[in-house]
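Novice: Any chance you can model this:
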Amino acid sequence: MPDIQEDNVLEEQRSLADLPLWTDTDAHTKLQQVCERHNVPIDVLTELVTLQRERQHQERARGIFMRFEEILGRMD
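Specialist: Numbering: from 1, shown residues only. The predicted structure follows:
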């Protein structure tokens, strides 16, 4: 039985399935290299992009900065 974190990762990957940076193997490899170079875990970037896409239709992004801080807080 997959845990909640694995479920969240799978859901995020599905929500980004239309973006070439996540679907094109070469582009994704380059993205991973850039993330490694700048010490940004790819899952953090994935979650930030997912959050932004979820909220892009909202006129006000109330609460989004708190979520940004939570997500970025996972970085060393």
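Novice: Quick check: the gap between N39 and D76.
Specialist: To D76, N39 is 7 Å away according to CB to CB, to the nearest Å. Yep, even glycine has a C-beta here, placed from its N, CA and C like the rest.
Novice: Among these two, which residue is more densely surrounded?
Specialist: Between N39 and D76, counting by other CB atoms under 10 Å, N39 is the more crowded of the two (8 against 4).
Novice: out of everything not next to it in sequence, what's closest to W22?
Specialist: Leaving aside its chain neighbours, W22 sits nearest to L16 (4.3 Å; criterion: CB to CB, 6 or more residues apart in numbering).
Novice: element containing R62?
Specialist: Using DSSP states H and E, R62 sits in no helix or strand.
Novice: go on, F65?
Specialist: In this structure, F65 sits in helix 64-72 according to DSSP H and E.
Novice: List the buried residues of that helix.
Specialist: Within helix 64-72, the residues scored as buried using 16 or more other CB atoms under 10 Å are R67, I71.
Novice: and the residue nearest the centre of the chain, how far is that from E59?
Specialist: Nearest to the centroid of the C-alpha atoms of the chain, with distances taken as CA atoms, centre = their mean, sits T46, at 1.5 Å. To E59, T46 is 25 Å away according to CB to CB.
Novice: Would you point out the helix or strand in the protein whose mean pLDDT is lowest?
Specialist: When each helix and strand of the chain is scored by mean pLDDT, DSSP states H and E, helix 4-15 comes last, with a mean of 72.
Novice: Do you know the pLDDT at G73?
Specialist: pLDDT, G73: 93.
Novice: what does the one 3 residues further on give?
Specialist: For D76, the pLDDT comes out at 72.
Novice: Kindly report the same for V40.
Specialist: For V40, the pLDDT comes out at 94.
Novice: Can you tell me how far it is from Q58?
Specialist: In terms of CB to CB, V40 sits 25 Å off from Q58.
Novice: go on, L19?
Specialist: Remark: distance between L19 and Q58 (CB to CB) = 20 Å.
Novice: Neighbour count: the two, which is higher?
Specialist: Here L19 and Q58 are compared on neighbour count by other CB under 10 Å; more neighbours surround L19, at 15 against 10.
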